[in-house]
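> Structure of the sequence below:
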Amino acid sequence: MNIFIILFLFIFLNISNALTTENVIPESIKLAFTKSKNQMRVTWYTIDISTAPTVLYSTEMFEPIEDSTFSSIGDTISYDTIGFDGKINTAIMSSLSASTMYFYCVGDKSSNVWSSIFNFTTNQFDAPFDQVIPFTTSFFGDMGWIEGNSLNSDVYTVDNLLSRINEIQILHHVGDIAYADKQKPHDLPGNQTIWNKFQNSISPLSSHLPYLTCPGNHDRFIDLSVYTKTWQMPVDFESDSWYSYDYNGIHFVGFSSEHDYFPLSSQHSWIENDLKQYRKSNPNGWIVMYSHRPFYCSVVWDWCSNIDVVESKKIYLWSLEDLLYRYNVDLFISGHAHSYERTLPVYKNKIMGDINSPKATVHIVVGTGGDVEGEDLVWQNLQTWTTGLRTSINGFGLLNVINSTTLNWQFIANINNTIVDEFNLTKGQFDF
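Have a look, this model is predicted:
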């Protein structure tokens, strides 16, 4: 009888241990920058809490069981939104060297459960602050996970980006992530299954390249808590959704069109101070700004309709457009409209120079990642500030930094993974 009891306990404990181990297997692995140039953050999801969430990393390939050169214990974050369970784990890889490939894995050190080994390469952050070094980054918005083989699924954008992964250094998703609010269970703020499946679908990209985001209207759920916990951006405070970073001589600024952006609000004050301080230190440097909602767009749809009948759009422009002009923001990239278009340099609906001698910001809409709502297919009459291609086909943008005087932009169509629109932007000085 005792033998049967011992055998039962042995089997029970082994099954229990297997289930516990399975529940801390890392999923949805994502890289992002921090406020320090020699660090990289990695975030991952587990069903249960990890006793010791850890990232192992090295400049050489390694086996987790043998440990690695460097190890960093992370933090565990819990969702506080109804319908969202599981744990967000996040850890920071520090004291990184410039222009170096690192191998890493994440997991629970206490249970010896690890992810596969991934890699990333740091940029030339040891170069002078204002030295522009060529690189490529991608921009896309309004991209979500869809069950089945829909032509609007994110899989086409993801696959085409993967085919170019060795050419790209950073990914930017300008809001509306996963569309978990469009496929939600009854009376819940969002669908965690869709939210998690989307993150898993982009993991082949986000585990190798920093994946920078800003929130869109479909990411709000109740209070953006799910968004800010999931997407650990280089913000000043945990509840913020606005941040900036410098990469190879380019200043990037991401802000939230879903928060208060009125003058004197905390976000507005932060944006103005960030732009002001950068311009003080680098009067002639490139500034690329991004957010979800566009300032200029021309599809037939509420946000892009006549400004006189869209009160929120008027407030958005009134609150923020002056900052772009005052601090010489060269390029503004957004989504929200499920279409692609770009403008001439424009300020308050007035054309200011051209792309060879811009006197105002050039705007690009690239809400074409693919999502359950589909494309915006109907266009307004051609606006005076519109130039180049206007299209509703799905795809993504590539921003190729050439040097201190030239940026190159390409729009890639998903249908054949080829360039369908392209232009060069010369560095301009605005007459403020």
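> and I194, that's in a strand?
No. Under DSSP: H, G, I helix; E, B strand; the rest coil, I194 falls outside any strand and is assigned helix.
> The closest residue to it other than its chain neighbours and D85, how far apart?
Closest residue to I194 apart from its sequence neighbours, by C-beta to C-beta, 6 or more residues apart in numbering: A180 at 4.2 Å. Where you see a C-beta, it was placed from the backbone N, CA and C, and this is true even at glycine. With the distance defined as C-beta to C-beta, to the nearest Å, A180 ends up 14 Å from D85.
> Pull up the overlap in contacts between these two.
With contacts taken as C-beta atoms under 8 Å, 6 or more residues apart in numbering, A180 and D85 have Q192 as neighbours in common.
> what about the two, which has more around it?
Neighbour count, other C-beta atoms under 10 Å: between A180 and D85, A180 has more, with 26 against 11.
> Enumerate every residue touching the more buried one.
144, 190-192, 194-195, 198, 218, 221.
> again, 7 Å this time
190-191, 194-195 (C-beta atoms under 7 Å, 6 or more residues apart in numbering).
> of all the residues you listed, which two lie farthest apart?
Spatially, the most separated pair among those is G190 and I194, at 7.7 Å (C-beta to C-beta).
> which one among the contacts of A180 gets closest to E63?
Of all those, W195 has the smallest distance to E63: 32.4 Å, by C-beta to C-beta.
> Can you report how many residues neighbour the closest one?
Counted with other C-beta under 10 Å, residues neighbouring W195 total 27.
> separation between it and S36?
Using C-beta to C-beta, W195 is found at 29 Å from S36.
> So Y79 sits against T230, correct?
No. Between Y79 and T230 there is no contact under C-beta atoms under 7 Å: 8.6 Å.
> more neighbours, the two?
The neighbour count for Y79 versus T230, taken as other C-beta under 10 Å, is higher for T230 (22 against 16).
> excluding its backbone neighbours, what's nearest the more buried one?
I88 (6.3 Å).
> Show me what the strand or helix carrying the one you found is in contact with.
Using DSSP states H and E, I88 falls within strand 87-93. Strand 87-93 is contacted from outside by 34, 39-46, 48-50, 53-55, 57, 72-78, 102, 104, 106, 229-230, 232, using C-beta under 7 Å, 6+ apart.
> Just the buried subset of these, written out for ChimeraX, thanks.
Command for ChimeraX, covering only those of the contacts of strand 87-93 found buried under the criterion 16 or more other C-beta atoms under 10 Å:
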select :34,39,40,41,42,43,44,45,46,48,50,53,54,55,57,72,74,77,102,104,106,229,230,232
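> Strands of the stretch 1-150 of the chain, start to end?
In the stretch 1-150 of the chain, the strands defined using DSSP state E, counting those that start in this stretch lie at 27-32, 40-46, 53-58, 70-73, 75-78, 87-93, 101-108, 113-114, 118-121, 135-140, 143-144.
> To clarify, my last question referred to the stretch 301-432 of the chain.
331-334, 340-343, 346-347, 350-351, 353-354, 357-358, 362-366, 386-391, 395-401, 406-413, 418-426.
> and the residue nearest to I47 when sequence neighbours are not counted, what is it in contact with?
Distances taken as C-beta to C-beta, 6+ apart put N23 closest to I47, at 4.2 Å, once the chain neighbours are dropped. Counting by C-beta under 7 Å, 6+ apart, N23 touches 46-48.
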